[in-house]
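Asks: Structure, please.
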Amino acid sequence: MAKPKYEIYKDKGGKFRFRLVASNGEIIATSEAYESKTECINGVKSVTENSRKADIYDLTTGEKVDLDALRIESQDAKISQTIKRGKIIEDDIPWVVGLGFGALALAIALILLVAIQYGLITL
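Replies: Numbering: from 1, shown residues only. This next block holds a predicted model:
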């Protein structure tokens, strides 16, 4: 799969611009116009550095977006989709393995509890 990338190009007016292209080829952001290529490259650097630190505000509600809550919702949706599909894809393997180990640990704990209760194991 292709990686996301920045593309620098000249617009119809001869000014430099950059765009952020997603891994699927979709343009997801376009810059303002710059007089020089150096200014354009500095614009890419600035967006890259500042976006990592930036908070997200929803101006329709006036609230800061809670990214941790969005990650949880996204993971829950992914689990639901996998269960509905009835199959596992490569991206799902880490959480499926974790779920499997959790189920195994629970099964072992239940077996031990029953064995202790019936006197098959003594502590």
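Asks: Next one, pLDDT for the residue lying closest to Gly25 once chain neighbours are set aside please.
Replies: Spatial nearest neighbour of Gly25, chain neighbours left out: Ala2 (7.3 Å); criterion: CB to CB, 6 or more residues apart in numbering. Any C-beta I mention is one placed from the backbone N, CA and C, and that applies to glycine too. pLDDT for Ala2: 84.
Asks: Next: Leu99.
Replies: pLDDT, Leu99: 68.
Asks: Ile89 too?
Replies: 58.
Asks: on that earlier part again, do I have it right that the residue nearest to Gly25 meets Ser23?
Replies: Yes: counting by CB atoms under 8 Å, Ala2 touches Ser23, with 5.0 Å between them.
Asks: which non-adjacent residue is nearest Asp55?
Replies: Asp55's closest residue in space is Lys64 (CB to CB, 6+ apart), at 5.7 Å.
Asks: Okay, domains of this structure per the record?
Replies: 5-54, 90-123 (automatic domain parsing).
Asks: Columns distance to Thr60 and mean neighbour count on top of those, output as JSON lines?
Replies: Shown next, in JSON lines, are the domains of the chain (distance: least, CB to CB, whole Å; neighbours: other CB atoms under 10 Å):
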{"stretch": "domain 5-54", "distance to Thr60": "18", "mean neighbour count": "12"}
{"stretch": "domain 90-123", "distance to Thr60": "31", "mean neighbour count": "10"}
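Asks: Which one of those has the poorest average confidence?
Replies: Note on the domains of the chain: lowest mean pLDDT is at domain 90-123, with a mean of 74.
Asks: show me where the chain has strands.
Replies: Applying DSSP state E to the chain gives strands spanning 5-10, 16-21, 27-30, 57-58, 63-64.
Asks: Need these in CSV (columns: distance to Ile121).
Replies: Below are the strands of the chain laid out as CSV (distance: least, CB to CB, whole Å):
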stretch, distance to Ile121
strand 5-10, 59
strand 16-21, 60
strand 27-30, 58
strand 57-58, 56
strand 63-64, 53
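Asks: quick one, which of those strands is nearest to Gly119?
Replies: In terms of CB to CB, the element of the strands of the chain nearest to Gly119 is strand 63-64, at 57.3 Å.
Asks: ok so, going back, any chance of the domains of the chain in JSON lines, plus distance to Asp68?
Replies: Listed next are the domains of the chain as JSON lines, based on distance: least, CB to CB, whole Å:
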{"stretch": "domain 5-54", "distance to Asp68": "16"}
{"stretch": "domain 90-123", "distance to Asp68": "17"}
